[in-house]
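>>> missing the sequence, but the structure's below:
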């Protein structure tokens with residue numbers, strides 16, 4: 001199966017689907033999340049398709065650094081001067097639903113931490 005063929009983020013990057021692109025350069029795009037979990041909820045999506053950190057190559061990590069650097073330098077321009085949360089869901093157990101690496105940026109309000117405790121079954 002061609003992973004990029006059925007990828008909604010690849011379709012947005014390749015302009016097959018419309019989206020309100022807030023920023024774009026040769027490495028990534030920044031869009032608003034269509035189902036926001038905060039007043040401000042953006043997605044930073046590398047143009048190169050890789051599912052998640054499990055499949056990242058060294059050049060993918062360089063692009064990830066560029067995205068993080070952009071977020072840090074431009075947070076105030078997006079109304080995030082009081083703070084923001086970055087989320088990377090990596091794999092099924094982290095609730096990743098779109099298997100194209102992306103960073104969620106949430107803010108514009110006081111955020112609560114969604115997990116009060118962690119339940120897990122340690123390996124025996």
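Looks like it came in fine. Computed from a predicted structure; not experimentally measured. Residues are numbered from 1 along each chain as shown.

>>> List the beta-bridge partners for the most centrally placed residue in the chain.
Centroid-nearest residue in the chain, with Cα atoms, centre = their mean: residue 103, separated by 2.0 Å. Applying DSSP bridges to residue 103 gives these bridge partners: residue 44.

>>> Next, work out how far apart it and residue 94 are.
Plainly put, residue 103 is 13 Å away from residue 94 if you go by Cβ to Cβ, to the nearest Å. For the C-beta atoms, the positions are set from N, CA and C on the backbone; glycine is no exception.

>>> And the helices in this protein, which stretches?
8-13, 58-74 (DSSP state H).

>>> So which of these is the most surrounded?
When the helices of the chain are scored by mean count of other Cβ atoms under 10 Å, the highest mean neighbour count falls to helix 8-13 (a mean of 19).

>>> so how far is that one from its chain's centroid?
Its chain's C-alpha centre and that of helix 8-13 lie 13 Å apart, by Cα atoms, centre = their mean, to the nearest Å.

>>> Name the surrounding residues that touch that helix.
Around helix 8-13, the neighbours that count as contacts under Cβ atoms under 8 Å, 6 or more residues apart in numbering are 4, 17-19, 21, 29, 31, 45, 47, 49, 98, 100, 102.

>>> picking up where we left off before, including mean pLDDT, could the helices of the chain go into a markdown table?
Below are these laid out as a markdown table (pLDDT from 0 to 100):
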| stretch | mean pLDDT |
| --- | --- |
| helix 8-13 | 98 |
| helix 58-74 | 97 |
